[in-house]
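> Could you work out the structure for the sequence below:
(chains A and B)
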Amino acid sequence: MSAAPPGLNEVLQRTFSFPKRHFLSVTDLNEVEVTNLLDLADGFVALNRQTSKKLDLLKGRTLMNLFFENSTRTQSSFELAGKRLGADVVNMSPRSSSIAKGETLIDTAVTLNAMQPDLLVVRHASSGAASLLSQKVSCSVVNAGDGQHEHPTQALLDALSMRRAFGRIAGLKVAICGDILHSRVARSNISLLQMLGAEVRLVGPPTLMPSQASRWNVAIHHDMRQGVAGADVVMMLRLQLERMDGVMAPSQREYFRFYGLDREKLAHASPEVRVMHPGPMNRGVEIDSEVADDLAVSLIQDQVEMGVAARMAVLTSLAARLENER
Amino acid sequence: MSRPLAFVNVRLLDPVSGYDGPGAVIVADGVIAEVVKGADPGALSPDVEVIDGAGALLLPGLVDIRVKTGEPGSETKETLKSAALAAAAGGVTTMVVQPDTNPVIDDPSVVDFILRRTRDIGLVKVYPAGAATKGCQGERMAEIGLMAEAGCVYITDADRPIVNSKVLQRVMAYAKAFDVLVAHRPADPWLSAGAAATSGEFASRMGLPSVPPVAETIMLERDLALAELTGARLLVDQVTTAGALEALKRGRAKGLPAVATTSINHLSFNEIDIGDYRTFCKLDPPLRSEDDRQAVIEAVASGLIPIVVSGHAPAPPEDKRLPYDEAAPGAVGLETLLPALLAFHHEGRIPLMTLLRTVTCAPADLLGLPQGRLAKGAPADLVLCNLNTPIVIDADKLTSKSKNSPFDGRRLQGKVLMTVADGRVIYRA
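Just a heads-up that it's a prediction; the model follows:
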């Protein structure tokens, strides 16, 4: 990373030949591609901090946001990323349209595909939905979260936040804490962080740990103090509160007592520890406000900023490939 | 009646006598008139139509005791006729259809409907399994005695386990009085709820809702205990895990009248075949680990599992072209059963005669049917097939109305050349 913020031309020099048509899963990527994407995203961070943010890298392109699950945060992040790159952005909310009338995912995709979008950003409650969709459309598909499977742009923005905070990812000790079982964020992060040489640990009660997660080459901890001991990064995951009412954990207060992140538990981590959370947070359930709002340790606001830049990097790379194709 | 047939110059495989060698079979009036062992068929009467097998195998027609069609109720998936045509193409001459249709086969008039339709279609033999409980709801007993009288060959709630142990106890005790076989799916309903895959590293990585394999063992142990208590004959509807096989072995060692099946899919595939969310591999029970698959293959080889079923469950594209957890489970299998089974012979894993028994005399004997053997007086249900011909399964070319085959693209060996039911040729390749 250079000390002075890079200008547009310098950023453009960082674009590279991205060989994939779609952006579906971290497991489709290799270390070189990830590093290139992070370098490119780093450049967009600098550009996004300027007064004039508008670029024309995606001029004439149409980006469709197709969110079957509500997500203000991710959807607006993609929307901003698309707009800053000069694309036309359309937000579809299938909840209120034909999907509710029994149209299948594939029929919806085929219909939208006929409108000739260039980039389709999809979030769906079922694992594998983005992959299924990508097989039926002619545009590029970006997975913005599929069920409990993957959320690859989240992992990319998390890696970007970490790399900017620590200057590296290799060798970092990262404790991912909470509801690993249902978390696509955790799955994408585990793959990406391991690819970049970080040491990953999973922390949570056994009821929220995926079966045979130990085969992922991670250490598994049910005691949070042990789990975060010496960690450089503590990554908290969002909990669904209805799961905390005797279903996956006995109660919210019991969960917070043993697995909520507070100052006391955080004291077991490295003195330089940074705390992350993909948002939105349940304050007082998985994370104490005192920790979340402490700008000396919290990277949570950075993550949101990095989200736009990371997504700009992904969209630019996919569009560059489309350029060669059409 | 049609002309008598003589199959000459064939390699006979009779699973009952264990005869494997050259011979001839003469068919008249819908039954096997004579089985000649040895190369010379002797003098044949001039009005006999001679079929020269050119060294191909002649087997009894296959008996597949777990088949679903869509009739009545979901004829877009499969009708009794389209299933019968698929069966004929696959060398299956007897099939037992499951009761979870619409309406459910839970009263004798629906049993009668299936039997009448079968007569009208006039291809393969179709026997209905009756529901164990009304509507397969697991609450109130169906008319077990009347359905047995009308011609159902066993009772089952198909894919649905009977959750309430008291209900199953009563069903078993009542069925015992009529000597009716009770089939039950061993699957703990709470552990299985919402599951699309088997718990393990693969399902965890793919983010699929999953069921631990012990769900099968837990329910099987209960079913065996109830069978012991009531003395009912139990058909364990598909054992697919190593753990359940241990339980089955213990039950069998105690002398319990429990007979288990497994499906050709669970013999042929493991969970990794799901790959990038291939919904054709979404099955119920879900595909298991490779260790489980190997244990099931061993159990078929050793005879602990004496019966293999196709588990034929047609599902049209609108039910399969969906995200994995929303897609319907099930696979068609009538046409691929025989070549898929022969793979274990070609791999040297299971002797040919053992494989053949699992789809002929073993299921026939369990249900008290005379077919499934090459014996004088037995129904002339026969398959002429080439053991070694390489084939590539193309799902789109299957006869079945639905094309949801996990074998799509798979290379197998063994081709059905001709299928005969009740002495009539019903399929010719």
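> hey, C-alpha coordinates of stretch B:382-400 in PDB?
The C-alpha coordinates for stretch B:382-400 follow below in PDB (Å, rounded to 0.1, in the frame of the first residue of the first chain):
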ATOM      1  CA  LEU B 382     -38.300 -62.800 -18.000                       C
ATOM      2  CA  VAL B 383     -35.600 -60.500 -18.900                       C
ATOM      3  CA  LEU B 384     -33.100 -61.100 -21.700                       C
ATOM      4  CA  CYS B 385     -30.100 -58.900 -21.100                       C
ATOM      5  CA  ASN B 386     -26.600 -58.400 -22.200                       C
ATOM      6  CA  LEU B 387     -24.300 -58.400 -19.200                       C
ATOM      7  CA  ASN B 388     -21.400 -56.400 -20.700                       C
ATOM      8  CA  THR B 389     -22.800 -53.900 -23.200                       C
ATOM      9  CA  PRO B 390     -21.600 -50.400 -22.100                       C
ATOM     10  CA  ILE B 391     -24.300 -47.800 -21.800                       C
ATOM     11  CA  VAL B 392     -24.400 -44.100 -20.900                       C
ATOM     12  CA  ILE B 393     -27.500 -43.100 -19.000                       C
ATOM     13  CA  ASP B 394     -29.200 -40.100 -20.600                       C
ATOM     14  CA  ALA B 395     -31.900 -38.900 -18.300                       C
ATOM     15  CA  ASP B 396     -33.700 -37.100 -21.200                       C
ATOM     16  CA  LYS B 397     -34.100 -40.400 -23.000                       C
ATOM     17  CA  LEU B 398     -35.700 -42.300 -20.100                       C
ATOM     18  CA  THR B 399     -39.200 -43.700 -20.700                       C
ATOM     19  CA  SER B 400     -40.400 -42.400 -17.400                       C
END
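> What is the helix or strand where residue B:296 lies packed up against?
Per DSSP states H and E: residue B:296 is located in helix B:290-302. For helix B:290-302, the packing partners by 3 or more CB pairs under 8 Å, 6 or more residues apart in numbering or on different chains; DSSP states H and E come out as helix B:242-253, strand B:258-263, helix B:264-268, helix B:337-346, helix B:352-357. Every C-beta, even on glycine, is put in place using the N, C-alpha and C of the backbone.
> how about the ones you listed, which one is nearest chain A?
Relative to chain A, the nearest member of the helices and strands packed on helix B:290-302 by CB to the nearest CB is helix B:242-253, separated by 14.8 Å.
> Buried residues of that closest one, list them for me.
B:242, B:243, B:244, B:245, B:247, B:248, B:251, B:252 (16 or more other CB atoms under 10 Å in any protein chain shown).
> how about it against chain A, any contact?
No: if you take CB under 8 Å from any CB of the partner chain as the test, helix B:242-253 misses chain A, and the best it gets is 14.8 Å.
> quick one: average confidence on that helix?
Average pLDDT, helix B:242-253: 98.
> swap in stretch B:273-293?
On average, stretch B:273-293 scores 97.
> could the helices and strands packed on helix B:290-302 go into CSV alongside distance to residue B:78?
Below are the helices and strands packed on helix B:290-302 laid out as CSV (distance: least, CB to CB, whole Å):
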stretch, distance to residue B:78
helix B:242-253, 29
strand B:258-263, 17
helix B:264-268, 17
helix B:337-346, 15
helix B:352-357, 26
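> who are the neighbours in contact with residue A:35?
Neighbour list for residue A:35: residue A:196 [criterion: CB atoms under 8 Å, 6 or more residues apart in numbering or on different chains].
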